[in-house]
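Trainee: sharing a model prediction with you, sequence too.
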Amino acid sequence: MRQPLVIANWKMHGKGAFNQALVSDFLALLKEYRAACVLCPPTVYLGQVAQLLGSRDVMLGAQDCSHIDEGAYTGEVSAEMLRDCGCEWVIVGHSERRQYHQESDALLAAKLTRAQRAGLTPVLCVGETQEQREAGAAEHVVKAQLLGALSDLSDLKGLAIAYEPVWAIGTGLTATPEQAQDMHAFIRSVLREFDAANADALRILYGGSVKAGNAAELFAQTDIDGALVGGASLDAEAFAAIVSAA
Ligand code: PEP
């Protein structure tokens, strides 16, 4: 049995007063839920959000980490620093980082290793573009992203995957539950080839315009173990409803 996991990716949104209202409203609305829940604010607000979460059973995560341990790398934040700030999770290889920062599979492999070594659980994001899907290459692309990023790992322990079709991120377009389930089952089959002993325990999240209104039907699919949520995580009511649906 995989405990559902729901992760908020605030991206580059937030400000002191907004964060305070968002987190306290969300915590007040969060009543009955069985999912594990993680908030990933921008790095500069990790301390603020850690304080706001207090002793509540909601974890802290980061949106990215460096592929280097430490040194003269201006602007970078290491996995160890994130752990030191209270993070337990880190998103790795979000499509926006792949697109705007040219993050390669080899770089992501290094980030996964750094994150795990620091005691963080990385959430590796994979997903195809609209053109790749239309060309019938979605599975090929996702498999290559998985195997490329996992190349330095010996097993699948301490890891989660997020399938995020690029065409569904922030667009309002959601993969149908069947489209998402098909890809999640495919991802699990690739993972079984990689590490049969741990593939069934690994959580595969769906991401791409998840909202309060479509969460339950996505979560009802066999291989969808939760969600990585962008836009809707900035709305306390919507995000609490998504967490409760998981
Ligand atoms: C994301 O940022 O990972 C995401 C899925 O965004 P949205 O929910 O806004 O599509």
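Mentor: Cool, the structure landed.

Trainee: in this structure, what residue comes closest to the ligand?
Mentor: residue 230 (2.2 Å; C-beta to the nearest ligand atom). For glycine as for every other residue, the C-beta is placed from the backbone atoms N, C-alpha and C.

Trainee: excluding chain neighbours, what is closest to that residue?
Mentor: Nearest in space to residue 230, with sequence neighbours left out and distances taken as C-beta to C-beta, 6 or more residues apart in numbering, is residue 9 at 5.1 Å.

Trainee: with residue 21 instead?
Mentor: Closest residue in space to residue 21, ignoring its immediate chain neighbours: residue 236 at 7.8 Å, by C-beta to C-beta, 6+ apart.

Trainee: residue contacts, that neighbour?
Mentor: 21, 22, 25, 26, 29 (C-beta atoms under 8 Å, 6 or more residues apart in numbering).

Trainee: all helices of the chain, in order?
Mentor: Shown for the chain, the helices assigned by DSSP state H span residues 16-29, 46-53, 79-84, 95-100, 105-117, 130-134, 138-149, 177-194, 215-219, 236-245.

Trainee: so who does residue 196 touch?
Mentor: By C-beta under 8 Å, 6+ apart, residue 196 lies in contact with nothing.

Trainee: hmm, back to that, what is the most widely separated pair among the contacts of residue 236?
Mentor: Maximum pairwise distance among the contacts of residue 236 (C-beta to C-beta): 12.1 Å, between 21 and 29.

Trainee: ok, these two, which is more surrounded?
Mentor: A count of neighbours by other C-beta atoms under 10 Å puts residue 29 above the other of residue 21 and residue 29, at 15 against 12.

Trainee: wait, that one touches residue 240, no?
Mentor: Yes - shown here, residue 29 and residue 240 form a contact pair, counting by C-beta atoms under 8 Å, at 3.8 Å.

Trainee: give me the neighbour count for residue 185.
Mentor: Burial of residue 185 is recorded as 14 neighbouring residues (other C-beta under 10 Å).

Trainee: ok, residue 17 next?
Mentor: Residue 17 has 8 neighbouring residues, counting by other C-beta under 10 Å.

Trainee: pLDDT score for it?
Mentor: Looking at residue 17, its pLDDT reads 98.

Trainee: what does residue 103 show for phi and psi?
Mentor: With angles defined as degrees, to the nearest 10, residue 103 sits at phi -70, psi 120.

Trainee: that one against residue 93, yeah?
Mentor: Yes - taking contacts as C-beta under 8 Å, residue 103 lies within contact range of residue 93: 6.2 Å.
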